[in-house]
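J.: give the three-dimensional model of this entry:
(4 chains)
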2 protein chains.
Amino acid sequence: MAAGGKGGARRQAAQARHVVRIADVARAAGVSTATVSRALSAPAQVSPAKRDKVMAAVRSLGYTPNAAARDLRAGSSRSILVVTGTRANPFFAQVLEGLSDTLSAEGYAVVMGTCGNEAQTTHLLDLVHAGRLDGVVAVSGKLPAAGGRTVFGGKVPVVSICAEVEGAINVLVDDFACAKAQAEHLIGLGHRRLLYVAGPEGNYNELRRFAGFLAATERAGLFAGEVFRFSGDFLFSGGAAAALRFLDLPHRPTGVVCCNDEMAIGFIKTLRVVARIEVPRDVSVVGFDGIEFADYCEPTLTTIHQPQRALGETSAKLLLAALRGEAPPPGGRVVLEARLRVAASTGRAV
Amino acid sequence: MAAGGKGGARRQAAQARHVVRIADVARAAGVSTATVSRALSAPAQVSPAKRDKVMAAVRSLGYTPNAAARDLRAGSSRSILVVTGTRANPFFAQVLEGLSDTLSAEGYAVVMGTCGNEAQTTHLLDLVHAGRLDGVVAVSGKLPAAGGRTVFGGKVPVVSICAEVEGAINVLVDDFACAKAQAEHLIGLGHRRLLYVAGPEGNYNELRRFAGFLAATERAGLFAGEVFRFSGDFLFSGGAAAALRFLDLPHRPTGVVCCNDEMAIGFIKTLRVVARIEVPRDVSVVGFDGIEFADYCEPTLTTIHQPQRALGETSAKLLLAALRGEAPPPGGRVVLEARLRVAASTGRAV
DNA sequence: CTGTTAGCGCTTTCAA
DNA sequence: TTGAAAGCGCTAACAG
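T.: The predicted structure follows:
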């Protein structure tokens, strides 16, 4: 359609119809398109006189090089896919903040993706295989995979945050050690009947954390009848549901280890509302993540503080390095420090 | 990895060098590239026999059409820019969830942007003007603009959520009426000394809400000495800071209207921790937004519930409609229902 | 129904 | 230093 109008004498009409192209700038500056291109991306190669002419034309016409054409030539897109389960999660929101700040500072666009259903997953995979994405960051093990295709088929670098994935560059905290610290904190306070409120079945973090929890209870010599495990889902409502089950227990635990903060908060709130049980007077509760809410709920939550922004920033830097062709970190993984911060939700066993 | 193992060692090298193009598929299927293209995007135009051959070749080669080439041809990118202040905000996170679910269900990629500093802003503007984005959604009035350029110069549809912007399709709630309802609720409970904890100066929502608050206090005949206004920033810490100022007041208000939930929660928590002041026994506090945490803090927050997901979904649908060339809604705006939900943080004035 | 072909807008040899 | 020209991979107009 452009071809038709372009050849005609009515330049005005053509201008109004279409966005400014490099040829328009070239014409206005009285140079070739090659010179315009160079003036923009390699100014040193162009004589000052022409360069100025070009820049003036660029400004006056309001020219911005077309991205699709550039991408097609360059074979890259300067876009990164970030895949998460849900964005409605303050922990990941914080991680993403660090991630996208770093990525966009380097001129990369950040595309958000979810693999909720197969359609979404397929769409993400298509994006990667279509070369629209230069790299992938998966948060918490959410790697799009469907019909035998994975994100690794797209030969772009992949970084995984908070979950170890083979073939990816991994940015982690030591879930095992942290969960062990949660349980040990409680045990150290004299608690001998412990409840573990789990994350989703099969979830990477859940598995590691439960293992850490068990390691601590075993080490302390707690036997099976003293240790409970309720399934959960990382949501407030999951913590609330666990609290209800807790209330039904004939001989209740006095210490509760939650796999994340939302569940801990939902647990505590429900105990209070439903049964007037107070934390830490009647029960001690530890969370995991260190979300901001943890400092504003009642009581302030004893929890594992993860370096949320740093997880995102580190991942971004590693991806950027991979994009530049640099070697991945030794072992293909970086482990960041996280630690227990004792607040008001835990106390001595009664 | 499937591709690698499949061919011989020789094939690997060749395969690794180049991504599969349409010509490769055409050759493998013994047809022209046009037929491949049609088989993929308009199967009805191709004979079943050839269509099957093409599809078989597509599958066996693992072909995905290159996005940049497609975009260049089509003059569009099937990507939408979503601009927010911060993602670390549970209210917006929920809005974004609805937004991106709807957008990605239609095959659009969602690009996240922030206009924190000028570099970021310029980058976003470039993206829009470079034709890499087909539409823009601005959350809470965060529209990239720098050096005289705006997002409107890129001739793409713009939707604004939660803030009225001229030239955009607006999706709103009635901030004025909601804030009025907050104050009236308190006044109805007998409170006559009221504090308003504001959002950032100049913020659209802040302006509308403060106006609504004032309308209610004036209507109730409260005079200047009975009405206070503290500045704030929509953060927990802002609410905490307001609480400290509140404590310094010689004759304290008994009712507090907060411009959002985080500030309300930060306010309440600080009152309790610093001065053992209990809500609603000593002071009543109303929030705004209806974030999930409002149901889990102590006491459960009386607040304005905004239809968070619906705000996102509605915006997405309107943008999609605009992209299809459909007319914007009457008046260029849609106003969704939000209302006060009374919980445990407000009670009768003492 | 199918193939040929002309670009989409840009960058980058290759020559001058 | 500069310009001419060849594509990047794809789709759609136009023949056949």
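J.: can you map out the strands along the stretch 1-150 of chain A?
T.: Here the stretch 1-150 of chain A has its strands, by DSSP state E, counting those that start in this stretch, at A:79-84, A:109-114, A:135-139, A:145-146, A:149-150.
J.: in JSON lines, list these along with distance to chain B, mean neighbour count and mean pLDDT.
T.: For every residue, glycine as well, the C-beta is placed using N, CA and C. Formatted as JSON lines, these follow (distance: least, CB to the nearest CB, whole Å; neighbours: other CB atoms under 10 Å in any protein chain shown; pLDDT from 0 to 100):
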{"stretch": "strand A:79-84", "distance to chain B": "7", "mean neighbour count": "25", "mean pLDDT": "96"}
{"stretch": "strand A:109-114", "distance to chain B": "5", "mean neighbour count": "23", "mean pLDDT": "94"}
{"stretch": "strand A:135-139", "distance to chain B": "12", "mean neighbour count": "27", "mean pLDDT": "96"}
{"stretch": "strand A:145-146", "distance to chain B": "12", "mean neighbour count": "16", "mean pLDDT": "90"}
{"stretch": "strand A:149-150", "distance to chain B": "8", "mean neighbour count": "18", "mean pLDDT": "90"}
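J.: mind checking which of those strands is nearest residue B:86?
T.: strand A:109-114 (14.1 Å; CB to CB).
J.: state the mean pLDDT of the helix or strand where residue A:187 lies.
T.: Using DSSP states H and E, residue A:187 maps to helix A:175-188. For helix A:175-188, mean pLDDT is 98.
J.: what of stretch A:290-307?
T.: Here the average pLDDT along stretch A:290-307 is 98.
J.: do stretch A:25-33 as well
T.: 96.
J.: for the stretch 151-300 of chain A, which residue gets nearest to DNA strand D?
T.: residue A:155 (13.1 Å; CB to the nearest atom of the strand).
J.: backbone dihedrals for that residue, please?
T.: phi 40, psi 40 (degrees, to the nearest 10).
J.: could you export the strands of the stretch 1-150 of chain A as TSV, including distance to residue A:278?
T.: Shown next, in TSV, are these (distance: least, CB to CB, whole Å):
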stretch	distance to residue A:278
strand A:79-84	35
strand A:109-114	38
strand A:135-139	35
strand A:145-146	46
strand A:149-150	49
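J.: could you check those and tell me which one is nearest residue B:19?
T.: strand A:149-150 (14.0 Å).
J.: sorry, back to before: helix or strand right after the helix holding residue A:187?
T.: strand A:194-197.
J.: rewinding a little: between the strands of the stretch 1-150 of chain A, which gets nearest to residue B:123?
T.: strand A:109-114 (8.2 Å).
J.: quickly list the domain ranges of chain A.
T.: A:2-65, A:79-173+A:309-335, A:175-305 (automatic domain parsing).
J.: just to revisit the earlier point, how many neighbours does the residue of the stretch 151-300 of chain A closest to DNA strand D have?
T.: 12 (other CB atoms under 10 Å in any protein chain shown).
J.: and if you look at residue A:200?
T.: The tally of other residues near residue A:200 (other CB under 10 Å) stands at 16.
J.: and it, what element?
T.: Counting by DSSP H and E, residue A:200 is part of no helix or strand.
J.: one step back: distance from the chain centre to the helix holding residue A:187, please.
T.: Centroid separation for helix A:175-188 versus its chain: 25 Å, with CA atoms, centre = their mean, to the nearest Å.
J.: returning to that earlier point: do you know how far the residue of the stretch 151-300 of chain A closest to DNA strand D is from residue A:162?
T.: Going from residue A:155 to residue A:162 by CB to CB, to the nearest Å gives 24 Å.
J.: isn't residue A:164 up against residue A:171?
T.: No: between residue A:164 and residue A:171 there is no contact under CB atoms under 8 Å: 9.7 Å.
J.: common neighbours of the two, please.
T.: Common neighbours of residue A:164 and residue A:171, using CB atoms under 8 Å, 6 or more residues apart in numbering or on different chains, are residue A:333.
J.: kindly report the residues of the stretch 51-200 of chain A close to DNA strand C.
T.: Contact residues, the stretch 51-200 of chain A versus DNA strand C (CB under 7 Å from any atom of the strand): A:63, A:65, A:66, A:69, A:70, A:72, A:73, A:74.
J.: 10 Å - rerun?
T.: By the criterion of CB under 10 Å from any atom of the strand, the positions of the stretch 51-200 of chain A lying close to DNA strand C are A:63-75.
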